[in-house]
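> Sequence and predicted structure, then a few things I'm wondering about:
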Amino acid sequence: MANETGMPAGALDRRRDFDGAKTLLFVGEALAVLQRDDLPTIPFPGLWDMPGGGREPGESPLDCVIRETAEELSLRLAPTDFHYGRSYNDSSGVEVWFFAARIPARRRAGIRLGSEGQGWALMLPADYVAHPLRIPPLAARLGDYLATTRAG
């Protein structure tokens, strides 16, 4: 059930038990993506990731992804920038959230890489799905989003 923000109610629930959140961040028509550090101790080392990460205590899924995007790309997003939210269970059965937000292309000038990752880029959705360094579960969630937005 969605609330007045258009987000599912669970996206705003600070008591919800979830692991983390990612977002498709459209900057104009392209997605902002980050290349993960190439460390063998992290999941998906060296692959292209979406902004987001792990939950901190007291955060809702939407709070989490807003904070993570600020830390990773120096962008302050507002809840009104988001137009899609959905929960998934990851491969270990833990709940994670996946969002989509859209900001004007002119905000690209404000993007700065934070302390994690090798770099960032703008990539068209089809290019991400086809990229050999994509993260497969995120490419699948991007496909779900595209199917939903085409249907609606």
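Alright, I've got the coordinates. Bear in mind that the values here come from a model prediction, so they are computed numbers and not experimental data.
> Can you give the contact residues for whatever helix or strand T69 lives in?
Using DSSP states H and E, T69 sits in helix 61-73. Outside of helix 61-73, the residues within contact range by C-beta atoms under 8 Å, 6 or more residues apart in numbering are 7, 10-14, 16, 18, 20-23, 25, 32, 34, 51-56, 59, 75-79, 82, 85, 87, 97, 99, 111-117, 120. C-beta coordinates here come from the backbone N, C-alpha and C atoms, glycine included.
> Buried among the residues you listed? Need that as a selection in ChimeraX.
To isolate the buried members of the contacts of helix 61-73 in ChimeraX, using 16 or more other C-beta atoms under 10 Å:
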select :7,10,11,12,16,18,20,21,22,23,25,32,34,51,52,53,55,59,75,77,82,85,97,99,111,117,120
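> quick one: which of the contacts of helix 61-73 sit in strands?
Among the contacts of helix 61-73, the members falling in strands (DSSP state E) are 20-23, 25, 32, 34, 52-54, 82, 85, 87, 97, 99, 120.
> so which two of the residues you listed are the farthest from each other?
Spatially, the most separated pair among the ones in strands among the contacts of helix 61-73 is S87 and W120, at 25.8 Å (C-beta to C-beta).
> Contacts only, for R14.
58-60, 63.
> try 7 Å
By C-beta atoms under 7 Å, 6 or more residues apart in numbering, R14 lies in contact with 58-60.
> Which single one of those residues is nearest to P125?
S60 (26.0 Å).
> Distance of that closest one relative to L133?
Per C-beta to C-beta, to the nearest Å, S60 is found 31 Å from L133.
> Name the residue in the two with the higher neighbour count.
Between S60 and L133, counting by other C-beta atoms under 10 Å, S60 is the more crowded of the two (21 against 13).
> shouldn't the more buried one be in contact with D13?
Yes. Contact status for S60 versus D13: in contact at 5.6 Å, counting by C-beta atoms under 7 Å.
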